[in-house]
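Colleague: Sequence plus the predicted model coming up.
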Amino acid sequence: MSFLSHTAWSQSASTLLANEHVELHPISESDREPLRKIAFDQRIWTYFVSRVESDTDFDTFFDAMLADQNSGKRAVYVIVDKSTGQTAGSSSYGNLAEADRRLEIGWSWLGVDFQGKGVNRWAKYLLLKHAFEVMGAERVEFKTDVLNAQARAGLRNIGAYEEGVMRSFNPMPEGRRRDAIYYSVLRAEWPSVRDQLSRLGKAVNPCA
């Protein structure tokens, strides 16, 4: 299997990704109202760097996703749960460092009805697979709030390796400064992680 890509990330980062569980497609204006319907639950935003509490908040949040997608700053995906056909949330490739073959998967959120049902795991699986096997990434990284136990468990369960904490990383809406904890999967680890995820639905990083 070849892992090398000769296509620029500006061309390959945004595409349609799908398996039998989820579909991920690049965000467009037509996703505004389906995402709005699932965005208004504060449990979604507890550890997020943004708050969505009103229609104005949501439109600002959505417009930022569209702007980042259109500028190439991020590749923003909308996640569809194929078991229901409903829009479930979004996730992104960001901090795209093509010269270093490094990117981050993040800016991820799901409506509460889609949490804990494998939607996030399969979305991450497709994003990792595309990053390593099509884009030719050497390193895929994740970060989350050190206080976000649910997200940290989710990252460990997709085979991400815990690297350490960056203290006082950024301000949060409630005024505290977030300590960010980093995780990663490297190219050499991906075959083991991929096989475990596809067979078992969870993975242990071979370096853990």
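Modeller: Yep, it's here.

Colleague: Quick check: the gap between D113 and T84.
Modeller: D113 sits 9 Å away from T84, going by C-beta to C-beta, to the nearest Å. The C-beta positions use only the backbone N, C-alpha and C, and glycine is treated the same way.

Colleague: what's the answer for F62, then?
Modeller: F62 is 21 Å from T84, by C-beta to C-beta.

Colleague: likewise N157?
Modeller: From N157 to T84 the distance is 22 Å (C-beta to C-beta).

Colleague: K202 now?
Modeller: Distance from K202 to T84, counting by C-beta to C-beta: 22 Å.

Colleague: ok, now Q69?
Modeller: From Q69 to T84 the distance is 25 Å (C-beta to C-beta).

Colleague: These two: which is more packed in?
Modeller: Remark: of Q69 and T84, Q69 carries more neighbours, 19 against 12, as counted by other C-beta atoms under 10 Å.

Colleague: what secondary structure does that one sit in?
Modeller: helix (DSSP: H, G, I helix; E, B strand; the rest coil).

Colleague: What are the boundaries of the strands in this structure?
Modeller: Taking DSSP state E to define them, one finds strands in the chain at 17-18, 22-26, 75-81, 86-97, 102-110, 139-145, 161-171, 177-186.

Colleague: want to try a markdown table for the ones you listed, with mean neighbour count and distance to D41 as columns?
Modeller: A markdown table is the format used below for these (neighbours: other C-beta atoms under 10 Å; distance: least, C-beta to C-beta, whole Å):
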| stretch | mean neighbour count | distance to D41 |
| --- | --- | --- |
| strand 17-18 | 16 | 26 |
| strand 22-26 | 20 | 20 |
| strand 75-81 | 25 | 16 |
| strand 86-97 | 20 | 11 |
| strand 102-110 | 20 | 10 |
| strand 139-145 | 21 | 18 |
| strand 161-171 | 13 | 23 |
| strand 177-186 | 19 | 21 |
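
Colleague: With distance to I38 and mean pLDDT added, can I get these in CSV?
Modeller: As requested, the strands of the chain are exported to CSV (distance: least, C-beta to C-beta, whole Å; pLDDT from 0 to 100):
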stretch, distance to I38, mean pLDDT
strand 17-18, 20, 98
strand 22-26, 15, 98
strand 75-81, 10, 98
strand 86-97, 7, 98
strand 102-110, 8, 97
strand 139-145, 20, 98
strand 161-171, 25, 97
strand 177-186, 24, 98
